[in-house]
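Student: Build me a structure from this.
(one chain, ligands or ions: 2)
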Amino acid sequence: MNASLVAKQFAVEGFLVSVDPFGSGNINDTFRATFRTTFSEMRFILQRIRRSVFPEPQKIMRNMRIVTDVCHRKLQEMDEEADRIWQLPKIIQTKDGQDFYIDADGEFWRAISNIASAVSYEQVQSVDHAFEAGTVLGCFQNLISDIPCENLEYVIPGFHVTPDYLKQMDEALKTSEAQSLLEHSREARACLRLIEERRDFCSVLEDAKAAGKLTLRATHGDPKIANILIDETTGKGTCIVDLDTIQPGLVHADIGDAVRSCCNPAGEDATDLHSVFFDMEMFAAIYKGYMRHAKKFFTEEDHKYLYDAVRILPLELGLRFFADYLAGNVYFKTRYKDHNLKRALVQLRLMESIESREQQIRRVIG
Ligand code: GN1
Ligand code: MG
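Tutor: Numbers count the residues shown, from 1 in each chain. Ligands and ions are numbered 1, 2, ... in the order given. Alright, predicted model coming up:
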């Protein structure tokens, strides 16, 4: 069903003016719908959820309902002492009171409120921007830190379980298609070598979890810089969006992911690998912003694994892109041939840059 027809299924007043593609997600299809009445205009975000990635999309909405209810209540209580207005999307229900809509083709759609007067950037803009990104993630994690994991669903089983991605790569490598890709591409062989050299390291966070050193908490799952919105007027962080991947996990995956995205000023889609490096100034800033709030729930053990988190997330994402390249680009949307291979190379280059700065990074972490 097309997005305009679907938009009209949600409980929004007025006349549908437009539905346009929105954002730059790699998985779901996102649109922004605008409705108008004689006296007002209402915009909301409409998304078609990729069933091959999210096997049970209802679970996304159950988690989102729990998390947004908790956060909205706390944010309202916080108003007095807060240094800014925090925002967080609200679920917009269908006309018959459901949190999602399933169309005639069986496609799963949901609508959430639009965040007012805020912008997002694909790449970090400044040290202040990095600080704000850290502040927003830390604040969000703190808000959800008392939600019991038992209350949350696993929307993507194995999400951010790095050794599972190794298994996916190993499976893909068994196919003749993947072997042929390797045979014909020096870059693909370089990727594989960089990953193989770190095979043992891939289980560092999972081992710490199994040993009881790190515990599961409610996590965002995808706090990349583009998912953190900045208030157009004040320049302060105001919101974290893309709440699809909320599920029990390690806060390390969140902070590692935010760092890998924020401290690479060349961005995920850099075409010149020489432009990719780990920016220490950005790291110091995002870390400082993050700890403002995260210190309220961070333990000593959490602290010990921070460097590993910073190192493993670009490795993990590089591995995910590379495994998808080998498997024929079935998970991430791609815009050109070998896009996933190029993306993998960027992440692995970033990882090497992190490794070469290990001592500096550890000094900042303290
Ligand atoms: C995907 O679709 P998007 O852009 O929100 C991916 C993240 C990656 C990200 C890299 C569910 O997120 O894990 O970090 O691409 N989301 C999922 O850009 O796999
Ligand atoms: Mg996402």
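Student: Return the list of helices and strands in contact with the strand or helix carrying residue 254.
Tutor: Assigned by DSSP states H and E, residue 254 belongs to helix 251-262. Other elements packing on helix 251-262 under the criterion 3 or more Cβ pairs under 8 Å, 6 or more residues apart in numbering; DSSP states H and E are helix 127-144, strand 217-219, helix 280-294, helix 306-326. Where C-beta positions appear, they are placed from N, C-alpha and C, glycine not excepted.
Student: Tell me if the last one is near ligand 1.
Tutor: Yes: using Cβ under 6 Å from any ligand atom as the criterion, contacts between helix 306-326 and ligand 1 involve residue 317.
Student: What is the burial count for residue 274?
Tutor: Other residues near residue 274 come to 8 when the count uses other Cβ atoms under 10 Å.
Student: do you know which of the helices and strands packed on helix 251-262 lies nearest residue 4?
Tutor: Minimum separation from residue 4 across those (Cβ to Cβ) falls at helix 306-326, 31.1 Å.
Student: Convert the helix or strand following that closest one to PDB, retaining C-alpha atoms only.
Tutor: Using DSSP H and E, the next helix or strand after helix 306-326 towards the C-terminus is helix 339-356. Extracted in PDB, the C-alpha atoms of helix 339-356 (Å, rounded to 0.1, in the frame of the first residue of the first chain):
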ATOM      1  CA  HIS A 339      28.700   0.000  -1.000                       C
ATOM      2  CA  ASN A 340      28.700  -2.400   1.900                       C
ATOM      3  CA  LEU A 341      32.400  -3.200   1.200                       C
ATOM      4  CA  LYS A 342      33.300   0.500   1.200                       C
ATOM      5  CA  ARG A 343      31.300   1.000   4.400                       C
ATOM      6  CA  ALA A 344      33.200  -1.900   6.000                       C
ATOM      7  CA  LEU A 345      36.500  -0.500   5.000                       C
ATOM      8  CA  VAL A 346      35.700   2.900   6.600                       C
ATOM      9  CA  GLN A 347      34.700   1.200  10.000                       C
ATOM     10  CA  LEU A 348      37.800  -1.000  10.000                       C
ATOM     11  CA  ARG A 349      40.000   2.000   9.200                       C
ATOM     12  CA  LEU A 350      38.400   3.800  12.100                       C
ATOM     13  CA  MET A 351      39.100   0.800  14.300                       C
ATOM     14  CA  GLU A 352      42.800   0.900  13.400                       C
ATOM     15  CA  SER A 353      42.900   4.600  14.200                       C
ATOM     16  CA  ILE A 354      41.400   3.800  17.600                       C
ATOM     17  CA  GLU A 355      43.900   1.100  18.200                       C
ATOM     18  CA  SER A 356      46.800   3.400  17.400                       C
END
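Student: Same question for helix 339-356: list its buried residues.
Tutor: For helix 339-356, burial by neighbour count (16 or more other Cβ atoms under 10 Å) applies to 339-354.
Student: picking that back up, now the helices and strands packed on helix 251-262 in TSV, with mean neighbour count and mean pLDDT?
Tutor: Converted to TSV, the helices and strands packed on helix 251-262 look like this (neighbours: other Cβ atoms under 10 Å; pLDDT from 0 to 100):
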stretch	mean neighbour count	mean pLDDT
helix 127-144	24	98
strand 217-219	24	98
helix 280-294	21	98
helix 306-326	25	98
